[in-house]
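Peer 1: Sequence and computational prediction follow.
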Amino acid sequence: MARTRILQSKIRAMNRRTTWTRFHLPRWQGWPKWSTGSSVLGPLAEVTGYDKVWLGRQVDDPEQAAIIILWASAEALWNFQDSPACAEFLKDLPDSGIVSGGLFQRLSLNDAENMGSTMSPTASRFPSLHWHYSDRKELEVEGRVTLTAFLVPYTGGPDLEQIRFSIVKAFKGFVPADCEDLRPPPPLSRDSIPFGGQWPGLVAFLPKPDGLVWAWTDTGDNEQWKPPGQPVAAEENGSGQMVVCQFRLWNGLYGATRQREEASAKDPLAKESWETVVSNVIPPVTAWEQERWDIQVAPSYLSPLIDEEDEEEIF
């Protein structure tokens, strides 16, 4: 009988959550001013269970900011939300001056209103993302980033993974109009190696990174407010919709620079190409929004990531 081996790193990746807490931050202010603690992370400095922290600002409205936290697990996030540190954290992140947030943020707020005591107002400040078969790309979401949120129907059931793969497949090879030169080169094939030529490593045959990172809100499968392991009936599945988030990184890879992003954001042909590809997504996208962000990692954070070279295998 064959044994199924699962690396601990894959399990950690499946459990990770990223929260995106929006707040108003004056453009002259580099980081939030915390009322407690001297660390740049404020109340988070005494919290365990997270791996990394970023600060994001919207490009088109820099006073719309977000603290972005990568949590080791959904349980770590829930523990934080139930702790006094969470109240201290939110107290210094005013939301009175923010515009109604992105699609996934608004969906969380709407569900908080519609689901009564099922989801607390505190949890609604922490819309939670989990990542598409993470290969640590969630650690690369910084610098200039285009965040695109798609709203798709989902009422529960076993077809969740099929829906996710279908959406990702619709964007395979897509780049905005006038950015065709930014596509990654194709991987090598056996036929491309000349007879007697040096055989490259196996990595040369793998698809090249495309600058896209995918995530889903926990709203879609109700994990944000259901205890781990508790089944969720389809008819109880929140609002019957799921938000899919695509992060396009403009980090210089294959020429995808910040300057190219700024040019693309002003190009009507690029907008038209986005509308075309979105119209081909199955299941049909019922709404979508796009935001431009500048994201920087916190100067320091207390929970360094586990070295993947030290990972163990479990059987």
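Peer 2: Looks like it arrived, so ask away.
Peer 1: What pLDDT is listed against the closest residue to residue 142 other than its chain neighbours?
Peer 2: Leaving out its chain neighbours, the residue that sits closest to residue 142 by C-beta to C-beta, 6 or more residues apart in numbering is residue 295, at 4.4 Å. For the C-beta atoms, the positions are set from N, CA and C on the backbone; glycine is no exception. Per-residue pLDDT puts residue 295 at 95.
Peer 1: Is residue 295 bridged to anything, and to what?
Peer 2: residue 56, residue 143 (DSSP bridges).
Peer 1: can you give me phi and psi for the residue nearest to residue 42 when sequence neighbours are not counted?
Peer 2: The spatially closest residue to residue 42, leaving aside those adjacent along the chain, is residue 34, at 3.0 Å (C-beta to C-beta, 6+ apart). Dihedral pair for residue 34: phi -90, psi 140, per degrees, to the nearest 10.
Peer 1: what's residue 34 in contact with, if anything?
Peer 2: Applying C-beta atoms under 8 Å, 6 or more residues apart in numbering, we find residue 34 in contact with 42-43, 88, 92.
Peer 1: Neighbours of the residue nearest to residue 255 when sequence neighbours are not counted, how many?
Peer 2: Closest residue to residue 255 apart from its sequence neighbours, by C-beta to C-beta, 6+ apart: residue 182 at 5.4 Å. Residues near residue 182, counting by other C-beta atoms under 10 Å, number 19.
Peer 1: quick one: low-confidence ranges for the protein?
Peer 2: 1-13, 97-123, 133-136, 156-158, 186-210, 218-239, 300-315 (pLDDT under 70).
Peer 1: what do you get if the cut-off is 50, keeping everything else the same?
Peer 2: Counting by pLDDT under 50, the chain shows low-confidence ranges at 1-3, 109-118, 199-207, 220-238, 301-315.
Peer 1: and residue 74, how far is that from residue 142?
Peer 2: 23 Å (C-beta to C-beta, to the nearest Å).
Peer 1: swap that for residue 160, please
Peer 2: 28 Å.
Peer 1: And those two? Which one has more around it.
Peer 2: Legend: neighbour count by other C-beta under 10 Å for residue 160 and residue 142, higher for residue 142 (19 against 14).
Peer 1: And that one, its phi and psi?
Peer 2: phi -150, psi 170.
Peer 1: Mind putting the contacts of residue 34 into JSON lines with neighbour count, secondary structure and distance to residue 261?
Peer 2: Below are the contacts of residue 34 laid out as JSON lines (neighbours: other C-beta atoms under 10 Å; DSSP: H, G, I helix; E, B strand; the rest coil; distance: C-beta to C-beta, whole Å):
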{"residue": "42", "neighbour count": "23", "secondary structure": "helix", "distance to residue 261": "31"}
{"residue": "43", "neighbour count": "22", "secondary structure": "helix", "distance to residue 261": "34"}
{"residue": "88", "neighbour count": "17", "secondary structure": "helix", "distance to residue 261": "36"}
{"residue": "92", "neighbour count": "14", "secondary structure": "coil", "distance to residue 261": "31"}
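Peer 1: Rebuild those residues as CSV, extending it with distance to residue 258.
Peer 2: What follows is the contacts of residue 34, written out as CSV (distance: C-beta to C-beta, whole Å):
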residue, distance to residue 258
42, 29
43, 32
88, 35
92, 30
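Peer 1: Could you look up the SS state of residue 70?
Peer 2: strand (DSSP: H, G, I helix; E, B strand; the rest coil).
Peer 1: Repeat that for residue 181.
Peer 2: Relying on three-state DSSP, one would call residue 181 helix.
Peer 1: Where do the helices of this structure begin and end?
Peer 2: 8-15, 74-81, 84-91, 103-114, 121-124, 160-170, 258-265, 268-279 (DSSP state H).
Peer 1: Which one, of those helices, ends up nearest to residue 246?
Peer 2: helix 160-170 (8.6 Å; C-beta to C-beta).
Peer 1: other SSEs contacting the closest one?
Peer 2: strand 143-153, strand 212-217, strand 241-250 (3 or more C-beta pairs under 8 Å, 6 or more residues apart in numbering; DSSP states H and E).
Peer 1: Including mean neighbour count and distance to residue 128, could the ones you listed go into TSV?
Peer 2: TSV is the format used below for these (neighbours: other C-beta atoms under 10 Å; distance: least, C-beta to C-beta, whole Å):
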stretch	mean neighbour count	distance to residue 128
strand 143-153	21	14
strand 212-217	22	7
strand 241-250	23	11
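Peer 1: Nearest to residue 272, out of those?
Peer 2: Going by C-beta to C-beta, the one of the helices and strands packed on helix 160-170 nearest residue 272 is strand 143-153, 14.8 Å.
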